[in-house]
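Undergrad: A structural model of the following input is requested.
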Amino acid sequence: MANNTVNINVYNRTDLNFGPDVFAGVNNAALDRLDDRLTGIFDTGRFDRGFNYQSGSQAGIMAGGCVVPPDPCDCCHPQGILKNEGGKITTPGGYTIEATKQHEWVITGPDGKTTKVWGDPHVAEGDGGKWDFKRNSTFVLGDGTKINVTTAPWKDGKMTVTSGLEIISGNDRVNITDIDKGKGVVGPITQDGFAHSNCFANNDVFVMGRESDDWSYQGREVTGSKDGGESFELGNNLPAGNVRPNPAGDDWSQPQQFLNQLLGYLLGNGSGSNNNTSWQNGPQNGFGSNPYYDGHSGCSPRGGGYDNNYHREFMRDSLRLVSQMLRMMDRLLGMGGDYHMMRNRSIYA
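TA: Numbering: from 1, shown residues only. Reported below is the predicted structural model:
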């Protein structure tokens, strides 16, 4: 009987853009020593120096909790990120907003593309798109900054023009007023953005796409308008741009950099982008920081206040799980070599 030959092409791990050097320098012997390293980290003396709220690096935090209570500024943008540079407002993501003349203001993105709002009010996108709006509206930039646009009746009252802008980024807020009377007046930057974050609700909201001259309404691209901006013509779905500024150098989508950052944060060896970042002196509520226990409300998983021993054991177990994760990832990548050996192997049946 004749043999039948079947060629099998097994999926190659390199198709995932993983190189064999992803885990270079990470071997079983090194992973075996990680437990010993963790034991040294979590001995009572060193741990207490790192996380005791009465002394050490966490001095001054509230009793009953191992980190300070959450600060609203930590959830979006830190204070002090809006800048007024000669009447041009710059946001943390590199966007600029400027009132250029009566009834006109311009948004310029870090990609160099612009959106101009002028007249009653017309929107002129840098790529040629044109549409109008009429009511008070909010424009959301790619870094999450909100521009609340107030409109005022013009001439016979059938149309409106821009009268003012309220720009909010995190807790920073600045107003540009009297745009309907002239170039506009830029006010001081104040730290009350959170208090005003919901004061401009129930209005039309336009969200910037991945390019600074593309805008969506209710998730779909604005392609035109009707009746002077009473309603909008919408196209396909338009994903929002990057709603948070990315810290430079922290591209965790790359496996090797992920490992370097992970070990840098956990072991404090300076391999991360910030050599001063570690589990002992890192930012509170950041990656690698200790969990928050609210002893005052009784919401601690063990009841009562903060338990230093429980905290130490919990973090020790968590980091040992990281060790197991690295070991498993190493094994998975090793399996790729077996797959590679089977590529185009002939099987006789």
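Undergrad: S323 in helix, strand or coil?
TA: Following DSSP: H, G, I helix; E, B strand; the rest coil, S323 is assigned to helix.
Undergrad: how many neighbours does it have?
TA: Summarising burial for S323: neighbours were counted as other CB atoms under 10 Å, giving 18. Every C-beta, even on glycine, is put in place using the N, C-alpha and C of the backbone.
Undergrad: show the pLDDT at it.
TA: Looking at S323, its pLDDT is 78.
Undergrad: what about it, distance to M315?
TA: 13 Å (CB to CB, to the nearest Å).
Undergrad: again with D120
TA: 60 Å.
Undergrad: relative to T100, how far out is S212?
TA: 16 Å.
Undergrad: neighbour count: the two, which is higher?
TA: Neighbour count, other CB under 10 Å: between S212 and T100, S212 has more, with 24 against 16.
Undergrad: what helix or strand is the more buried one on?
TA: For S212, there is no enclosing helix or strand under DSSP states H and E.
Undergrad: what's the local residue count around the closest residue to it other than its chain neighbours?
TA: Leaving aside its sequence neighbours, S212 sits nearest to G109 (CB to CB, 6 or more residues apart in numbering; 2.5 Å). Look at G109: counted by other CB under 10 Å, it has 22 neighbours.
Undergrad: likewise N84?
TA: Neighbour number of N84 under other CB under 10 Å is 14.
Undergrad: and D127, by the same measure?
TA: 12.
Undergrad: contacts only, for the residue lying closest to it once chain neighbours are set aside.
TA: Nearest-residue entry for D127: D213, 5.0 Å, with adjacent residues in sequence omitted and distances by CB to CB, 6+ apart. D213 is in contact with 109, 113-115, 125-127, 129, counting by CB atoms under 8 Å, 6 or more residues apart in numbering.
Undergrad: in strands, which of the residues you listed appear?
TA: 114-115, 125 (DSSP state E).
Undergrad: how about a markdown table for those residues, with distance to R220 added?
TA: Putting those into a markdown table (distance: CB to CB, whole Å) gives the following:
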| residue | distance to R220 |
| --- | --- |
| T114 | 22 |
| T115 | 17 |
| E125 | 15 |
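Undergrad: between those, which is nearest N202?
TA: Lowest distance from N202 to these (CB to CB) belongs to T115, with 23.3 Å.
Undergrad: E233 in helix, strand or coil?
TA: E233 ends up strand, using three-state DSSP.
Undergrad: gap between it and E98?
TA: With distances taken as CB to CB, E233 is found 28 Å from E98.
Undergrad: more neighbours, those two?
TA: Shown here are E233 and E98; by other CB under 10 Å, E98 has more neighbours (20 against 13).
Undergrad: check which helix or strand covers that one.
TA: Assigned by DSSP H and E, E98 belongs to strand 96-101.
Undergrad: ranges for the helices of the chain?
TA: Secondary structure of the chain (DSSP state H): helices located at 28-41, 44-51, 193-196, 255-267, 308-341.
Undergrad: out of those helices, which gets the lowest mean score?
TA: Among the helices of the chain, helix 44-51 scores lowest, with a mean of 53.
Undergrad: ok, back up a step: pull the residues that contact the strand holding E98.
TA: 87-91, 105-108, 147, 165, 167, 176, 179, 182-184, 186.
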